[in-house]
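[1] can you look at this prediction? I've put the sequence above it.
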There are 2 protein chains.
Amino acid sequence: MVALGDRENLFIGIDGGGSKCRASILDSDNRVLGTGVSGPANPLQGYAQAIGSIVHSAMLSLSDAGLPPEMLGELVAGVGLAGVNMPNLYNEMDAWAHPFKQMFLTTDQHSACLGAHRGGDGAVIIVGTGSCGYASINGEARFLGGHGFPHGDKGSGAWMGMEAVKYLFLALDGLTEDSRLKDELLSVLESADAQQVFECIAGKPSSYYARLAVPVVEYAEAGDPVALAIVRDGASYISDLANKLFEMNAPRLSLIGGVAPRLMQWMAPQVVERVAEALDPPEFGCIYFARQCVAEAANGSNSAIEGDEKALFG
Amino acid sequence: MVALGDRENLFIGIDGGGSKCRASILDSDNRVLGTGVSGPANPLQGYAQAIGSIVHSAMLSLSDAGLPPEMLGELVAGVGLAGVNMPNLYNEMDAWAHPFKQMFLTTDQHSACLGAHRGGDGAVIIVGTGSCGYASINGEARFLGGHGFPHGDKGSGAWMGMEAVKYLFLALDGLTEDSRLKDELLSVLESADAQQVFECIAGKPSSYYARLAVPVVEYAEAGDPVALAIVRDGASYISDLANKLFEMNAPRLSLIGGVAPRLMQWMAPQVVERVAEALDPPEFGCIYFARQCVAEAANGSNSAIEGDEKALFG
């Protein structure tokens, strides 16, 4: 059993995106007591699924920490979620009768930024299932890009998957060049023709498309021209996002998310050389956010939370 | 009241797409007795909505013909629907306990082709809410393009709307050139910023996006460079589809659907000059299909229906 400081709050940070939800329980010295990873937690794709993934990741973290499941109700949770920059989704999630001692909710951009710069000013670009930029400078939050799948989130895993599917249909119709990527995509989709591909992908969420980014990136790295065209287009957009965030005078910029490290090789070199390593992962940022909210509440002020909501929706 | 030949079947042709469902009742000399137009009838977007639109358009046609609503059960319906090239949607629609005397179901491509070439060999490209190509040559059916929204249907109204929304988000983020199209789109969407645009469009079906094709085409015609880039890209794809259908030796090719006449000005001239006027509208093709099925059934043969299913799914 983990020794806990007496009467002190035990914090869990939960970072939820379109494909995965990651949780970490930290002690007051930021030592990781336990971690857990579960499935998609973007409430835009499903409120119930997001809640299920949040609870699941928290329970896995407790188990990993050697703590009993009953302790869920003693955890103070900082939760950073994709999708909750939409006020209606924020309000819906915030109204959840959650099982934690307390829950503080913010966007995944905000928590990732707090983690990456250990609470200091800076900017992040998240490139995972989705993509988006965010800067926190002199207390002001700025959102850039994002906008969701399939109309936005360029450069993301889901976007790459969608571009790959568009290419695949053109190639199957004989309307564009053939490539090895075509055969690989058919193999991944276990399909032999356009009809079967359609039945695979119709109505699928962004997380399904994001899985197809794996062959796109791999084939691009192997020099496949079709895959290269896709990743270069995506990387160019992420470079544009970065330049825009630097224009806002972000002192540090970190790239976060599963796709980011693979995409950097095709980004503009003058952007890549200015990218700073994230100091801590997004789950840590979730905890920094929750601690900040608890501290300000203890000081008899609610300004941190109000300030955050203003930043979120202002 | 319309005088009906004794004991003869009264046919209704119903053509259902992503935005509208059009019905016509014809007499045996192909004179239009009545027509009706209702809402979306693509079962991929909703089985119940498609059925509702089919019945609605039929009731409007009866009323327009001065026929009593009770006559619905005496009509032999030929129904050509978008979406039913997917076997599961075809089977679901075909299992409908419909209110007609008889119902014969086929794809909207098949019925449009029968109408355009008055039952003869030929090809069609439908460019409306969606886009697709189809050829019927020597009894063999060939499908080209289509594949649905948002991953396929390039050049269609919904595709143009999606491209416009992608551009709009980039422009609102300051990541691409401004244009008058941006202001027009914001006005159509009654939005002032990216957040409001997102709330307008999130989760919307293809028919919603297709409405945005109207300003895109209008602004392209007025010379707006952003709108022009979108329509030229779409028109180039439709030209590619046409060339592929000519390669299959289609003796005639007609362009059908609400977007087609506006898009032709940007298509390849050598394609446009080979395009033939549709002889009859798709609703007529639906009736030709139904008459063919009834005639072959009367001859003690089921081969027309079997043949069609083979063409559909072969």
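    That came through, no problem. None of these values were measured; they are calculated from a predicted model.
[2] ok now do the nearest residue to residue A:277 once chain neighbours are set aside, which residues does it touch?
    Of all residues not flanking residue A:277 in the chain, residue A:254 sits nearest, at 6.7 Å (Cβ to Cβ, 6 or more residues apart in numbering or on different chains). From N, CA and C alone the C-beta is placed, and that goes for glycine too. Each residue near residue A:254 by Cβ atoms under 8 Å, 6 or more residues apart in numbering or on different chains is listed here: A:116, A:117, A:122, A:123, A:124, A:125, A:275, A:276, A:277, A:278.
[3] try 7 Å this time
    A:116, A:122, A:124, A:275, A:276, A:277, A:278 (Cβ atoms under 7 Å, 6 or more residues apart in numbering or on different chains).
[4] could you report the separation of it from residue B:67?
    70 Å (Cβ to Cβ, to the nearest Å).
[5] and the stretch 201-314 of chain A, which of its residues are near chain B?
    A:201, A:202, A:240, A:244 (Cβ under 7 Å from any Cβ of the partner chain).
[6] and the closest residue to the second one other than its chain neighbours, how many residues sit next to it?
    Counting by Cβ to Cβ, 6+ apart, the nearest residue to residue A:202 once its immediate chain neighbours are dropped is residue B:148, at 6.5 Å. Summarising burial for residue B:148: neighbours were counted as other Cβ atoms under 10 Å in any protein chain shown, giving 23.
[7] export the helix ranked longest in chain A as CSV, just CAs?
    When every helix of chain A is counted residue by residue (DSSP state H), the longest turns out to be helix A:225-247. In CSV, the C-alpha atoms belonging to helix A:225-247 read as follows (Å, rounded to 0.1, in the frame of the first residue of the first chain):
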residue,chain,number,x,y,z
PRO,A,225,4.6,9.0,-53.2
VAL,A,226,0.9,8.9,-52.4
ALA,A,227,1.5,8.5,-48.7
LEU,A,228,4.2,11.2,-48.9
ALA,A,229,1.8,13.7,-50.5
ILE,A,230,-0.7,13.1,-47.7
VAL,A,231,1.8,13.5,-44.8
ARG,A,232,3.5,16.5,-46.4
ASP,A,233,0.1,18.3,-46.8
GLY,A,234,-0.7,17.6,-43.2
ALA,A,235,2.7,18.6,-41.9
SER,A,236,2.6,21.8,-43.8
TYR,A,237,-0.6,22.8,-42.1
ILE,A,238,0.9,21.9,-38.6
SER,A,239,3.9,24.1,-39.5
ASP,A,240,1.4,26.9,-40.4
LEU,A,241,-0.3,26.5,-37.0
ALA,A,242,3.1,26.6,-35.2
ASN,A,243,4.1,29.8,-37.1
LYS,A,244,0.8,31.4,-36.1
LEU,A,245,1.4,30.5,-32.4
PHE,A,246,4.9,31.9,-32.5
GLU,A,247,3.4,35.1,-34.0
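[8] and the strands in the stretch 51-200 of chain A?
    Counting by DSSP state E, counting those that start in this stretch, one finds strands in the stretch 51-200 of chain A at the ranges A:75-81, A:102-107, A:122-127, A:131-137, A:140-144.
[9] chain B: which of these is closest?
    Among those, the nearest to chain B by Cβ to the nearest Cβ is strand A:140-144 (5.7 Å).
[10] using CSV, write out every CA atom in that closest one.
    The C-alpha trace of strand A:140-144 is given here as CSV (Å, rounded to 0.1, in the frame of the first residue of the first chain):
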residue,chain,number,x,y,z
GLU,A,140,-5.1,34.8,-22.0
ALA,A,141,-6.1,31.5,-23.8
ARG,A,142,-6.0,31.4,-27.6
PHE,A,143,-7.4,28.5,-29.6
LEU,A,144,-6.3,27.8,-33.1
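[11] for the stretch 201-314 of chain A, what spans make up the helices?
    Per DSSP state H, counting those that start in this stretch, the stretch 201-314 of chain A carries helices over the ranges A:206-211, A:213-221, A:225-247, A:260-263, A:269-272, A:282-298, A:303-313.
[12] of all those helices, which one is nearest residue B:211?
    helix A:206-211 (24.0 Å; Cβ to Cβ).
[13] so what does that closest one touch, helix or strand wise?
    helix A:157-172 (3 or more Cβ pairs under 7 Å, 6 or more residues apart in numbering or on different chains; DSSP states H and E).
[14] CA atoms of the helix it packs on as CSV?
    C-alpha atoms of helix A:157-172 as CSV (Å, rounded to 0.1, in the frame of the first residue of the first chain):
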residue,chain,number,x,y,z
GLY,A,157,-4.5,10.8,-37.6
ALA,A,158,-8.2,10.9,-38.5
TRP,A,159,-7.5,13.4,-41.3
MET,A,160,-4.7,11.2,-42.7
GLY,A,161,-7.0,8.2,-42.6
MET,A,162,-9.8,10.2,-44.4
GLU,A,163,-7.3,11.3,-47.1
ALA,A,164,-6.1,7.7,-47.5
VAL,A,165,-9.7,6.5,-47.9
LYS,A,166,-10.4,9.2,-50.5
TYR,A,167,-7.3,8.2,-52.4
LEU,A,168,-8.3,4.5,-52.1
PHE,A,169,-11.7,5.0,-53.7
LEU,A,170,-10.1,7.1,-56.6
ALA,A,171,-7.5,4.3,-57.1
LEU,A,172,-10.2,1.5,-57.1
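[15] much appreciated, bye for now.
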